[in-house]
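1. from the sequence below, what's the structure:
(one chain, ligands or ions: 1)
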Amino acid sequence: MDGKMRKLLLSIQLQTSSFPAPAPQHHLLNKSSFKRTNYYKNMAANSKPRPCCVMDALLGAVADLGWSQPTLIQEKAIPLALEGKDLLARARTGSGKTAAYAIPVIQRILASKQSVREQEVRALILVPTKELGQQVQAMMRQLTAYCSRDVRVADITGKTDLSAQRPILMEKPDVVVGTPSRVLAHLSAQNLVLHSSLEMLVVDEADLLFSFGFEADLKNLLCHLPKIYQSFLMSATLTEDVQALKELLLHNPVILKLQGSQLPDSSQLQQYGLKCEEEDKFLLIYTLLKLRLVQGKTLVFVGAVDRSYRLKLFLEQFGIPACVLNSELPVQSRCHIITQFNQGFYDYIIATDEQSLADPAAAPPPTAGKGKKKKNTDKGGRAKDKEYGVSRGVDFQNVSNVINFDFPMTVESYIHRVGRTARADNPGTALSFISHTEIGVLSEVEDALTGDNSDCVLKPYEFKMEEIEGFRYRCRDAMRSVTKQAVKEARLKEIKQELLNSEKLKTYFEDNPRDLQLLRHDKDLHPAVIKPHLRNVPDYLIPETLKGVVNPLSNRRKKKKMVKSKPDGVIKSSFKNIQGKNPLKSFRYSAGRNRKDKPVNSDIMAYSLHRYSGIRQRTSLHVSHYTLYSSIYLNRKQHFRFSLIMVYITFSGTQSLSSSHLFDEGQQSLAIVLPLQRQFTLMGKLVTAQEDGQLEAVGVQVAEVIHTCGRKKALKGALIKDQCCLDDYFIIQVTSSPWHEPRYVSVMVRWLWAYDMANHLNMASSGVSLRDPSFCR
Ligand SMILES: Nc1ncnc2c1ncn2[C@@H]1O[C@H](COP(=O)(O)OP(=O)(O)OP(=O)(O)O)[C@@H](O)[C@H]1O
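-> Residues are numbered from 1 along each chain as shown. Got it, this is the predicted structure:
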């Protein structure tokens with residue numbers, strides 16, 4: 001954590017005069033070492049007791065999030081909010097607006113509770129969509145990790161009955177998060193009473209509230225609020241709607257209009273446009289994904305629900321798994337898909353940006369007040385959720401690329417979609433396919449972005465279509481199977497499946513949360529006829545110019561055939577087929593030298609290690625230090641000795657599987673670490689792995705690893721047996737004694753790896769779990 005963040009948080013402390021003095025410095029995270037002190041260890045060990053001051057609580061939470069400095073909006077907004085000012089803050093997407101209001105809200109609640117201990121709803125956060133509601137609640141929970149008993153947060157955006165949510169509201173959570181219509185419904189039903197207790201009102205994504213048809217609800221809702229309260233309006237764009245809201249809600253506000261540009265500049269976000277015919281879009285996406293020209297987690301936006309299934313069925317035929325995300329899916333499924341995507345379960349999401357839901361001109365006019373119809377339906381009579389919106393506000397984490405398969409219909413929509421990548425200070429790429437019918441909007445977008453900042457203009461994506469002509473035939477072949485009927489069936493099948501998952505199995509999943517983790521949303525739908533040969537890319541079809549860059553991992557499916565498929569969620573090791581080549585066993589790994597199809601580079605090495613570890617599927621994402629930090633945090637029972645852990649695998653006992661199904665002869669855990677003193681860039685910063693296990697710029701402190709452990713001591717006495725150097729990596733072999741209590745199938749695999757190409761270190765992380773181990777909370 002750098003001085004700025006510390007100073008900012010200190011200012012919270014200073015402005016809270018009624019608070020006890022700040023904890024002595026040694027109680028705080030030490031900037032240079034990032035050592036978690038005894039104070040924090042105790043906090044964790046004692047299930048987070050009351051912190052001794054606000055500073056400690058927030059500092060601990062921010063450190064856990066791995067944030068080293070405040071973003072610009074946080075730096076400007078937090079002090080003003082603490083002075084009690086009303087705020088209208090406009091900052092670009094992904095700039096950290098949530099914490100900019102959440103930190104002062106938490107601080108004020110904690111401060112109020114010093115004098116008035118009565119439990120009241122003190123803050124109301126209004127959001128336009130359910131996805132956002134869940135996300136805001138998650139962020140609030142993370143920030144209140146060390147004061148969760150003092151600041152209770154309830155998200156009422158969910159689809160549950162009002163009556164089911166009543167008991168939650170009766171307990172008067174300190175913060176209520178909801179959509180205007182849901183909050184109004186509760187106010188009208190007297191489940192929620194705010195007129196005497198409310199101290200703060202936040203309207204998040206203010207520019208979207210009116211467009212989601214909440215204007216009337218919002219106006220009605222204001223009658224239930226007290227005369228005086230502090231308000232924050234947070235928005236990515238300053239539209240007329242935001243101006244109207246400002247008049248309605250704010251009193252003498254400070255207006256923070258940060259950064260001219262609504263999107264990050266070209267050093268962080270690369271924006272490309274590619275003009276093409278409609279049919280070419282499918283050819284292009286196939287080439288980009290199948291040849292892995294697009295790397296990292298990718299969001300593909302389409303304009304309609306049917307399109308998303310069409311694209312999914314198309315990609316399915318080439319063995320490219322993707323999840324669809326649209327307003328027809330039950331809200332639990334949507335949120336689960338987003339959570340799993342953020343955890344690295346999937347590489348691709350095909351998201352429908354349903355304009356009609358957000359555009360009042362296209363959607364049926366909303367009726368005001370209580371009893372308002374919340375859903376519109378499509379031609380087929382299927383229910384769409386009006387409070388759906390994944391292109392807006394949702395914090396998809398570590399998204400490397402956004403692809404506009406269909407170009408958005410408005411400038412705002414473009415900004416919100418593209419804003420799903422290059423969030424915080426992560427880099428990102430946006431690529432838009434533009435057919436001739438979409439060129440009109442393109443010029444609008446270009447005009448808007450050029451006016452904003454000339455850096456933002458879409459650069460042409462130089463792609464020689466003639467080079468991929470060879471693929472056209474197979475794309476046409478695949479498209480022939482994706483008929484209207486197939487799309488219709490796929491759509492129905494998916495909805496049925498998801499409804500079953502989220503409704504009928506809801507109670508089951510509540511009782512067995514770990515099984516929910518295993519639920520995948522990117523399974524093949526298969527209504528289209530699958531031709532197996534389409535899954536492979538014959539060498540002769542790969543253009544000469546792309547041969548060098550094509551990721552050779554695309555052949556992995558061939559190899560997977562060697563592994564007989566097991567029931568869902570069960571990993572079968574491929575060790576039998578590679579006995580003797582296992583570097584963990586022989587320590588004679590050849591770094592790819594003897595493998596015909598693999599170039600020698602460290603990426604491949606990381607991959608082969610992953611393969612040797614018996615993991616079925618490779619997914620990857622760019623890692624932020626949040627992910628890295630929280631991964632370690634989740635496994636705080638493990639301690640690692642090296643500068644940066646790239647792989648860690650933990651599991652406990654099993655009934656039907658023994659450890660040998662997963663690893664040869666009791667090899668239980670594997671770690672790749674970066675060599676010490678090696679420099680690399682991480683999140684745009686030059687970082688050196690230090691001998692004492694620190695990453696100076698990132699703040700990841702890793703201590704000793706002696707053994708992995710599971711509940712009931714399923715793994716006992718694992719120890720680091722050996723280590724050796726393979727080119728740039730050390731491999732640490734960890735062995736353990738035989739299974740102690742072979743009772744549960746319980747395996748968790750998560751790993752991070754790094755590869756160094758052209759002076760650039762990319763971080764990747766993956767997670768596969770058979771079952772989440774009981775100790776991974
Ligand atoms: N100080 C910080 N340092 C590093 N990362 C941060 C910081 N503050 C927030 N983030 C991260 O930045 C990402 C974007 O934050 P957030 O969702 O609040 O942005 P936003 O401005 O609300 O975006 P949008 O307008 O799209 O909703 C999140 O993953 C969050 O964890």
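2. only C-alpha atoms for contact and neighbour calcs from this point on.
-> OK.
3. CA atoms only for stretch 219-230, dumped as PDB, please.
-> Written as PDB, here are the backbone C-alpha positions of stretch 219-230 (Å, rounded to 0.1, in the frame of the first residue of the first chain):
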ATOM      1  CA  LYS A 219     -39.700   9.900  -7.600                       C
ATOM      2  CA  ASN A 220     -42.200   8.000  -5.500                       C
ATOM      3  CA  LEU A 221     -39.400   6.600  -3.400                       C
ATOM      4  CA  LEU A 222     -38.200  10.100  -2.400                       C
ATOM      5  CA  CYS A 223     -41.400  10.700  -0.500                       C
ATOM      6  CA  HIS A 224     -40.300   8.000   2.000                       C
ATOM      7  CA  LEU A 225     -37.000   9.600   2.700                       C
ATOM      8  CA  PRO A 226     -36.200  12.100   5.500                       C
ATOM      9  CA  LYS A 227     -35.600  15.800   4.700                       C
ATOM     10  CA  ILE A 228     -31.900  15.800   5.300                       C
ATOM     11  CA  TYR A 229     -29.500  13.100   4.200                       C
ATOM     12  CA  GLN A 230     -26.200  13.100   2.300                       C
END
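4. show me what counts as buried in it.
-> 219, 220, 221, 224, 225, 229, 230 (16 or more other C-alpha atoms under 10 Å).
5. same question, stretch 473-490
-> Applying a neighbour-count criterion of 16+ other C-alpha under 10 Å, the buried positions in stretch 473-490 are 474, 475, 478, 479, 481, 482, 486, 487, 488, 489, 490.
6. so the residue of the stretch 151-300 of the chain found nearest the ligand versus residue 131, what's the distance?
-> Taking C-alpha to the nearest ligand atom, the ligand has its nearest neighbour within the stretch 151-300 of the chain at residue 236, 5.1 Å off. Distance from residue 236 to residue 131, counting by C-alpha to C-alpha, to the nearest Å: 17 Å.
7. in the helix or strand hosting residue 99, what counts as buried?
-> Secondary structure assignment for residue 99, by DSSP states H and E: helix 97-115. For helix 97-115, the neighbour count (16+ other C-alpha under 10 Å) marks 97-111 as buried.
8. and the ligand, which of these contact it?
-> With C-alpha under 6 Å from any ligand atom as the criterion, the subset of these in contact with the ligand comprises 97, 98, 99.
9. helix, strand, or coil at the spatially closest residue to the last one that is not a sequence neighbour?
-> Read that as residue 99. Among residues not flanking residue 99 along the chain, residue 74 sits closest, at 7.0 Å (C-alpha to C-alpha, 6 or more residues apart in numbering). With DSSP: H, G, I helix; E, B strand; the rest coil as the basis, residue 74 sits in helix.
10. what does this structure put close to the ligand?
-> The chain has residues 67-71, 93-99, 236, 393-395, 397, 419, 423-424 near the ligand, with proximity defined as C-alpha under 6 Å from any ligand atom.
11. straight-line length of stretch 305-325, end to end?
-> Across stretch 305-325, the straight-line distance between its terminal residues is 9 Å, by C-alpha to C-alpha.
12. sorry, back to before: which of the buried residues of stretch 219-230 sit farthest apart?
-> Pairwise distances across the buried residues of stretch 219-230 (C-alpha to C-alpha) peak at 18.4 Å, for the pair 220 and 230.
13. which residues of the protein score low on pLDDT?
-> Confidence mapping of the chain against pLDDT under 70 gives the ranges 1-55, 159, 211-212, 259-260, 354-393, 451-456, 496-535, 537-541, 543-777.
14. domain ranges for it?
-> Under the TED database, the residue ranges defining each domain of the chain are 53-257, 269-355+387-482.
15. want to try CSV for those, with distance to residue 494 as columns?
-> Shown next, in CSV, are the domains of the chain (distance: least, C-alpha to C-alpha, whole Å):
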stretch, distance to residue 494
domain 53-257, 19
domain 269-355+387-482, 8
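16. who are the packing partners of the helix or strand harbouring residue 487?
-> Under DSSP H and E, the secondary-structure element containing residue 487 is helix 484-499. Contacts defined by 3 or more C-alpha pairs under 8 Å, 6 or more residues apart in numbering; DSSP states H and E place helix 484-499 against helix 305-316.
17. ok and the helix it packs on relative to helix 484-499, angle-wise?
-> Helix 305-316 and helix 484-499 meet at an angle of 100 degrees, taking axes from the mean of the first three to the mean of the last three C-alpha atoms, to 10 degrees as the criterion.
18. the stretch 351-500 of the chain: helices as residue ranges?
-> For the stretch 351-500 of the chain, the helices defined by DSSP state H, counting those that start in this stretch occupy 355-358, 411-418, 439-452, 472-481, 484-499.
19. let me know which of the ones you listed is the nearest to residue 429.
-> Comparison of the helices of the stretch 351-500 of the chain against residue 429 by C-alpha to C-alpha identifies helix 411-418 as nearest, at 8.4 Å.
20. which parts of the closest one are buried?
-> Of all the residues in helix 411-418, those buried under the rule 16+ other C-alpha under 10 Å are 411, 412, 413, 414, 415, 416, 417, 418.
21. just stretch 264-277 next, same as before
-> For stretch 264-277, the buried set under the neighbour-count rule, 16+ other C-alpha under 10 Å, comprises 264, 265, 266, 268, 269, 270, 271, 272, 273, 274, 275.
22. how far away is the first one from residue 419?
-> From residue 264 across to residue 419, the span is 8 Å (C-alpha to C-alpha).
23. quick one: common contacting residues for those two?
-> With contacts defined as C-alpha atoms under 8 Å, 6 or more residues apart in numbering, the residues shared by residue 264 and residue 419 are residue 92.
24. follow-up on the earlier one: strands - which of the buried residues of stretch 264-277 land there?
-> Using DSSP state E, the members of the buried residues of stretch 264-277 that fall within strands are 269, 270, 271, 272, 273, 274, 275.
25. number of nearby residues for the closest residue in space to residue 132 that isn't next to it in sequence?
-> Spatial nearest neighbour of residue 132, excluding adjacent residues (C-alpha to C-alpha, 6+ apart): residue 394 at 5.6 Å. Other residues within reach of residue 394 by the criterion other C-alpha atoms under 10 Å amount to 23.
26. which residues touch residue 394?
-> By C-alpha under 8 Å, 6+ apart, residue 394 lies in contact with 131, 132, 135, 420.
27. so the third one sits against residue 342, correct?
-> No - Residue 135 sits out of contact with residue 342 when judged by C-alpha atoms under 8 Å, with a separation of 11.6 Å.
28. near the residue nearest to residue 99, how many other residues are there?
-> By the criterion of other C-alpha under 10 Å, residue 74 has 23 neighbours.
29. which ones are touching it?
-> If you count contacts by C-alpha under 8 Å, 6+ apart, then residue 74 has 96, 97, 99, 100 around it.
30. gap between the third one and residue 269?
-> If you measure residue 99 against residue 269 using C-alpha to C-alpha, the figure is 22 Å.
31. all strands for the stretch 301-450 of the chain, in order.
-> Counting by DSSP state E, counting those that start in this stretch, the stretch 301-450 of the chain forms strands over residues 323-325, 348-352, 375-377, 383-385, 401-404, 428-434, given from the N-terminal end onward.
32. possible to save these as CSV with mean neighbour count?
-> Compiled in CSV, these are given as follows (neighbours: other C-alpha atoms under 10 Å):
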stretch, mean neighbour count
strand 323-325, 24
strand 348-352, 24
strand 375-377, 16
strand 383-385, 19
strand 401-404, 25
strand 428-434, 23
